[in-house]
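>>> this one's sequence-less:
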């Protein structure tokens with residue numbers, strides 16, 4: 001791709017992001033999905049100026065990728081699923097910990113194959129271990145969406161106070177229309193103080 005073309009496609013991405021941002025001000029997953037569609041349309045229009053129908057397809061993919069940056073978390077919920085005693089047995093902790101510890105038992109998502117417009121449930125099962133005299137701690141949960149090793153978007157972080165024990169958080173994202181097909185990886189992360197842990201899961205977007 002020539003330098004001029006790369007600059008044009010860069011303008012497409014920025015224009016798409018601006019368009020999506022404008023939709024996002026009203027909030028909600030529907031606006032995020034619509035934003036991706038607008039981004040794809042902008043990309044197609046400018047891309048066609050470069051290489052006709054092929055340019056339209058390339059531009060639409062760039063615009064849709066920009067729309068992914070505005071995916072919202074829906075229906076977030078979390079609940080305690082294990083007692084502290086059960087969690088200590090899982091991790092082989094026989095003596096009290098000297099500082100707060102968080103450990104991810106598993107990061108997963110369902111389904112693992114979706115089409116644009118469908119929802120993906122993101123589940124993070126993790127444990128909180130606390131030192132003597134401490135009954136709770138502030139835990140932040142975050143998720144990063146990646147493709148081909150590159151970050152596509154970082155979902156909003158959830159910060160909550162957690163008691164010691166096993167916790168399972170669940171959230172839903174909707175894959176925007178126009179999202180390029182391929183494999184996407186979700187990086188799950190939990191953090192409390194200086195302790196953190198990560199895990200990954202993945203899904204495939206079908207054409």
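Okay, I see it. Please read these numbers as outputs of a predicted model, since none were measured by experiment.

>>> going forward, measure contacts and count neighbours with C-alpha atoms only.
OK.

>>> what's the closest non-adjacent residue to residue 142?
Spatial nearest neighbour of residue 142, chain neighbours left out: residue 157 (4.6 Å); criterion: CA to CA, 6 or more residues apart in numbering.

>>> cool, residue 86 as well?
For residue 86, the spatially nearest residue (CA to CA, 6+ apart) is residue 165, at 7.7 Å.

>>> With residue 107 instead?
Nearest non-adjacent residue to residue 107 (CA to CA, 6+ apart): residue 124, at 4.6 Å.

>>> about what we covered before: residues near the residue nearest to residue 142, how many?
Counted with other CA atoms under 10 Å, residues neighbouring residue 157 total 14.

>>> Isn't it up against residue 171?
No - Residue 157 is not in contact with residue 171 according to CA atoms under 8 Å; the separation is 11.4 Å.

>>> Now do the contacts for residue 96.
131, 132 (CA atoms under 8 Å, 6 or more residues apart in numbering).

>>> any idea which helix or strand carries it?
Using DSSP states H and E, residue 96 is not contained in any helix or strand.

>>> distance of the nearest residue to residue 97 once chain neighbours are set aside from residue 191?
Among residues not flanking residue 97 along the chain, residue 131 sits closest, at 5.0 Å (CA to CA, 6+ apart). Distance of residue 131 to residue 191, given as CA to CA, to the nearest Å: 16 Å.

>>> again with residue 136
14 Å.

>>> If you count surrounding residues, which of those two has more?
Of the pair residue 136 and residue 191, residue 191 is the one with more neighbours under other CA under 10 Å, namely 21 against 16.

>>> In contact with the more buried one, which residues?
Contacts of residue 191 (CA under 8 Å, 6+ apart): 102, 139, 140, 141, 197.

>>> please redo it, this time with the cut-off set to 10 Å
When contacts are counted by CA atoms under 10 Å, 6 or more residues apart in numbering, residue 191 touches 100-104, 128, 138-142, 159, 197-198.

>>> what about it, helix or strand, and which?
strand 182-192.

>>> helices or strands next to the following helix or strand past that strand in the packing?
The helix or strand immediately downstream of strand 182-192 is strand 195-205, counting by DSSP H and E. Helices and strands touching strand 195-205, as assessed by 3 or more CA pairs under 10 Å, 6 or more residues apart in numbering; DSSP states H and E, comprise strand 101-110, strand 113-114, strand 119-129, strand 136-147, strand 182-192.

>>> what's the burial count for the spatially closest residue to residue 104 that is not a sequence neighbour?
Using CA to CA, 6+ apart and skipping residues adjacent in sequence, the residue nearest residue 104 is residue 126, 4.0 Å away. Counted with other CA under 10 Å, the neighbours of residue 126 add up to 25.

>>> follow-up on the earlier one: give me the distance between the residue nearest to residue 97 and residue 94.
13 Å.

>>> related to what we said a few turns ago, right, and the residue nearest to residue 97 touches residue 93 too?
No - applying CA atoms under 10 Å, one finds residue 131 not in contact with residue 93, separated by 11.8 Å.

>>> which residues do the two both contact?
By CA under 10 Å, 6+ apart, no residue touches both residue 131 and residue 93.
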